[in-house]
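Chemist: Prediction below, plus the sequence it came from.
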Amino acid sequence: MFPQRLDSPLAYDIAKAMLDGFNRHYRLFRLESQRAKHRFETADWHGQQRAQRERIEFYDLRVREAVARLEKEFKAGEQPMEVWHQVKLHFIGLLIDHHQPECAETFFNSVTTKILHRTYFHNDFIFVRPAVSTEYIENDEPAATPTYRAYYPTRETMHENIVRIITNFQLRRPFDDLDRDARHVLAAMGARLANVKLRANFQIQVLSSLFFRNKGAYVVGKLINGFNEVPFALPILHDDEGKLVIDACLFGEDDLQMLFSFARAYFMVDMETPAAYVQFLRSLMPRKPRAEIYNAIGLAKQGKTLFYRDFLYHLKHSSDRFRIAPGIKGMVMLVFDLPSFPYVFKVIKDYYPPQKDTSREQIKGKYLLVKQHDRVGRMADTLEYSEVAFARDRFDDDLLEEIRKFAPSQLEVSDRDGDGHEEVIIKHLYIERRMIPLNIYLQEAFDAGAQDQVERAVVEYGNAIKDLVAANIFPGDMLWKNFGVTRNGKVVFYDYDEIEYLTDCNFRKVPAARNEEDELSGEVWYSVGPKDVFPETFGPFLLGNPSVREVFLANHGELLDPEFWQSHKQRIQAGHVHDVFPYDHDKRFAPMAAEAAA
C-alpha cells in the first residue's frame, strides 16, 4: 500500500485532465439525449434510430481522446506508480459534489487500464470498488430540475392532475385529444384504486424527463398510497394524422420489466444525476439488477462495471464450477456457464465447419450490429469483455479442454502473480442473460404432455421472427436451438453469426423442377446466390413434429411464403418504420387499438 500523501502536482493535472475528458463525454451524451425530444416531436424516426446507434460509440471515442491527451501532455505511461496512486486520490477529491461520480469512476478505469499494465488493475490504482457514494445526489442549484415531480390529487382532481403531468413535459406537438386520453388513464388507474381508501400520503411521482426510444416517448412513475407503491408507464405515440396520443397505461413490475428489457434498444433520457434515476427505477423494478438499468438508460459502460462487480461478489460467495453449458453445442461459439449465476459466457471458436463461411472479425461485427440495432425485445443484449481472469480451480477440466481444443488463441493459463494460484484468462468473451433454449423448452413440454405450453412457445417463436422482420433483421439460422425463453415466457433470439439486414437478402420462391429427376434428386438443381433465401424450405427443418407444424401453420404460415418477406423488405426500403410495441396489444386504448385491428 502506498503512503497517503499528495505531493505531486503532475498527479493532480492528470486527474483533472481525466475528469475533463469524462465531463466532455457526459455533456455530449446529454446533448444527444436532449435532442431525442425534438426528433420525437418532428417524427424523425430514422434520425432517432441513427442517434441511438451513434451514441453507443461516444464513450470509446472519448476514452481514446483522453488517453491520447494524457500521453501527449504528461507522458502518462512513463510516470512512476506512486504518481498514479496519487492520481486516483486526487480524482476522488475532484468528485466531491459531482453529479455523475460513479460514471466518472468508470471512465477513470477505462482510461487508466489503457495506460497501465494489468498487474496494476487493483483498488490502489483503479476503482475496483466505488469510492464516492451515489445516495441522495441531487443538483442543488436553484434553477435545477428535480429528479422527479410529485403530484397530490384527490379522486376529484385526478383527471386534471393527469393532464398536468403530461403538459409539464412541454411537447411541441398537439395531442389529438388529451382530455380523452387522460380519461383512459384515469379509468385504468381508477380500476387499480377501486374500493381502496386514499391515504394521507397519496401521490403520483413521475420522473422529470421522458424516456425516448424509436417511435415512442414514455412517462415513467409510480402511484403511492400508504405502504403500497404501484409502478406505471404511459407510452405517448403519434397517430396516423401525426398527432400525439397516450397509447396505454402499463402497470406493475412485470410491465415495467418488459419496457426496460435487456432485449430492447437503450432509452434516450436526459439525466443530470443518473444515480437518482436508477434509484427511482429500482423502486419500480426491485428484481432488476442495477447493471441492467444503467444499460437500459444508455450508460452501458457503467452497466458493465456494475455487472463485473456483482460477478466478482458472486464468485466470492459461491463454490460451484464453470462448465460447458447444457444444450446443443454451437458451431461458431463455445458456451459455458456457472450453474449458480444467471448468465452464459460465449467465446468465438478458432475453427468452424465448412458450411460456416465466416471469420472472427465478421462474427464480432454481427454482435456489434445487434448492440447498435433496435432489438425490439427479441435479441438479447451482450456484455463484451477482454482479458477476463478466472480462478483455475473454478473450471471443470472438461471445459478447459474444450476451450483448448476449439479456441486455443483465446486461452491463457498462468500464475501471473507468482503466488501459486493459477488463473484462466479468456482473451475475449460475450456475456448474456441465461435463457432456456427453445428446443429444450419444447422437449420438456412434450415430455410433460403440456400441449398448451407447446402452442404458446410456437406462437411466440413466430411472433419473435415477425418482430425481427419489422426491425429489418433476418435471423439467418432459425433453428429452435438458436432461440431462448425468458422467465416471462418471451422468445428471444441469441445466435448472431448468420444475422443479416432483411434489406440485404434476396427472398426467392423455389423454382419448379425441370423434370422428374430434379424432383427426386437430393441435390439443389437451381442457382443459389450468397444472400438468397428460400422461405419454403424452412418447413422441413422446423416443422417435423406434427403438433408443432399444425400450430405454426395456423398462426404463422405466411413465414413460409417469400411474398411475406419481400413485402416487408419493400416497405422498409420505402422508408417505413414499423411499430413494435413493448407491451401486449390488448393493453392499448381505443380508438388506436381498434384502428390497428382494422
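Modeler: Happy to help now that I have it. Numbering: from 1, shown residues only.
Chemist: Name the nearest residue to residue 254, sequence neighbours excluded.
Modeler: Leaving aside its sequence neighbours, residue 254 sits nearest to residue 488 (Cβ to Cβ, 6 or more residues apart in numbering; 6.7 Å). C-beta coordinates here come from the backbone N, C-alpha and C atoms, glycine included.
Chemist: In three-state terms, label that neighbour for me.
Modeler: What DSSP: H, G, I helix; E, B strand; the rest coil gives for residue 488 is coil.
Chemist: Spit out the contact partners of it.
Modeler: For residue 488, the contact set (Cβ atoms under 8 Å, 6 or more residues apart in numbering) comprises 254, 257, 258.
Chemist: okay if I get these as a markdown table plus secondary structure?
Modeler: Converted to a markdown table, the contacts of residue 488 look like this (three-state DSSP):
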| residue | secondary structure |
| --- | --- |
| 254 | helix |
| 257 | helix |
| 258 | helix |
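Chemist: Retrieve the pLDDT associated with the residue nearest to residue 254.
Modeler: pLDDT recorded at residue 488 is 85.
Chemist: Isn't residue 161 up against residue 155?
Modeler: No: between residue 161 and residue 155 there is no contact under Cβ atoms under 8 Å: 10.7 Å.
Chemist: so which helix or strand takes in residue 456?
Modeler: Using DSSP states H and E, residue 456 sits in helix 451-470.
Chemist: which helices and strands sit right next to the next helix or strand after that helix?
Modeler: Where DSSP H and E defines the elements, the next helix or strand beyond helix 451-470 is strand 473-474. Contacting strand 473-474 under the criterion 3 or more Cβ pairs under 8 Å, 6 or more residues apart in numbering; DSSP states H and E are the following elements: strand 500-501.
Chemist: in its sheet, what does the strand it packs on sit against?
Modeler: strand 473-474 (antiparallel) (DSSP bridges).
Chemist: I'd assumed residue 319 was in contact with residue 339.
Modeler: No: look at residue 339 against residue 319 with Cβ under 8 Å: they stay out of range, at 11.0 Å.
Chemist: These two: which is more packed in?
Modeler: With neighbours defined as other Cβ atoms under 10 Å, residue 339 and residue 319 compare such that residue 339 has more, 13 against 8.
Chemist: Which residue ranges of the stretch 101-250 of the chain form strands?
Modeler: Remark: strands assigned in the stretch 101-250 of the chain by DSSP state E, counting those that start in this stretch are 148-151, 203-207, 211-213, 216-225, 228-238, 244-246, 250-251.
Chemist: Any idea which of those gets closest to residue 506?
Modeler: Residue 506 lies closest, by Cβ to Cβ, to one member of these: strand 211-213, at 30.8 Å.
Chemist: can you list contacts of the closest one?
Modeler: Taking Cβ under 8 Å, 6+ apart as the rule, strand 211-213 contacts 33, 36-37, 39-40, 48, 52, 217-218, 220, 264-269, 297.
Chemist: any low-confidence regions in this structure?
Modeler: By pLDDT under 70, the weakly predicted segments of the chain are 1-4, 118-123, 142-143, 416-418, 515-522, 590-598.
Chemist: middle-most residue in it, spatially?
Modeler: residue 262 (3.8 Å; Cα atoms, centre = their mean).
Chemist: Touching, that residue and residue 295? I think so.
Modeler: Yes: taking Cβ under 8 Å as the definition, residue 262 is a contact partner of residue 295 at 7.0 Å.
Chemist: so what sits against both of the two?
Modeler: With Cβ under 8 Å, 6+ apart, residue 262 and residue 295 have common neighbours residue 381.
Chemist: Chain neighbours aside, what residue packs nearest to residue 455?
Modeler: Nearest one to residue 455, counting by Cβ to Cβ, 6+ apart, is residue 551 at 5.0 Å.
Chemist: export the strands of the stretch 101-250 of the chain to TSV and tack on mean neighbour count and distance to residue 13?
Modeler: What follows is the strands of the stretch 101-250 of the chain, written out as TSV (neighbours: other Cβ atoms under 10 Å; distance: least, Cβ to Cβ, whole Å):
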stretch	mean neighbour count	distance to residue 13
strand 148-151	15	38
strand 203-207	21	38
strand 211-213	24	38
strand 216-225	21	41
strand 228-238	20	46
strand 244-246	23	50
strand 250-251	20	49
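Chemist: so what does the lengthiest helix in the chain touch, helix or strand wise?
Modeler: Longest helix in the chain, counting residues (DSSP state H): helix 9-41. Counting by 3+ Cβ pairs under 8 Å, 6+ apart, the packing neighbours recorded for helix 9-41 are helix 45-74, helix 81-94, helix 101-115, strand 211-213.
Chemist: Name the residues of it that are buried.
Modeler: With burial defined by 16 or more other Cβ atoms under 10 Å, the residues of helix 9-41 counted as buried are 11-12, 14-15, 17-19, 21-22, 25-26, 29-30, 32-33, 35-37, 39-40.
Chemist: Then stretch 328-338?
Modeler: 330, 331, 332, 333, 334, 335, 336, 337, 338.
Chemist: Not counting its neighbours along the chain, what's nearest residue 335?
Modeler: Here the residue nearest residue 335, using Cβ to Cβ, 6+ apart, is residue 325, at 4.2 Å.
Chemist: wait, what's in contact with that neighbour?
Modeler: Taking Cβ under 8 Å, 6+ apart, one finds 335, 336, 337, 344 in contact with residue 325.
Chemist: The last one is in contact with residue 429, isn't it?
Modeler: No: the pair residue 344 and residue 429 does not pass the contact test of Cβ under 8 Å, sitting 10.0 Å apart.
Chemist: Now for residue 188: which residues touch it?
Modeler: Contact partners of residue 188, counting by Cβ under 8 Å, 6+ apart, are 249, 251.
Chemist: Would you mind measuring from it to residue 162?
Modeler: Counting by Cβ to Cβ, to the nearest Å, the separation of residue 188 from residue 162 is 10 Å.
Chemist: Show me where the stretch 201-350 of the chain has its helices.
Modeler: 252-259, 274-284, 290-296, 300-316 (DSSP state H, counting those that start in this stretch).
Chemist: Buried deepest among those helices, which one?
Modeler: Greatest average neighbour count among the helices of the stretch 201-350 of the chain goes to helix 290-296 (a mean of 23), per mean count of other Cβ atoms under 10 Å.
Chemist: Mind listing the residues bridging to the residue nearest to residue 475 when sequence neighbours are not counted?
Modeler: Using Cβ to Cβ, 6+ apart and skipping residues adjacent in sequence, the residue nearest residue 475 is residue 493, 5.3 Å away. Going by DSSP bridges, residue 493 is paired in beta bridges with residue 379, residue 483.
Chemist: from what I can see residue 441 touches residue 457, true?
Modeler: Yes: using Cβ under 8 Å, residue 441 and residue 457 qualify as a contacting pair, with a distance of 5.9 Å.
Chemist: tell me, what's touching the two both at once?
Modeler: Taking Cβ under 8 Å, 6+ apart as the criterion, residue 441 and residue 457 both touch residue 485.
Chemist: for the helices of the stretch 201-350 of the chain, which one sits closest to residue 144?
Modeler: Closest approach to residue 144 among those (Cβ to Cβ): helix 274-284, 11.5 Å.
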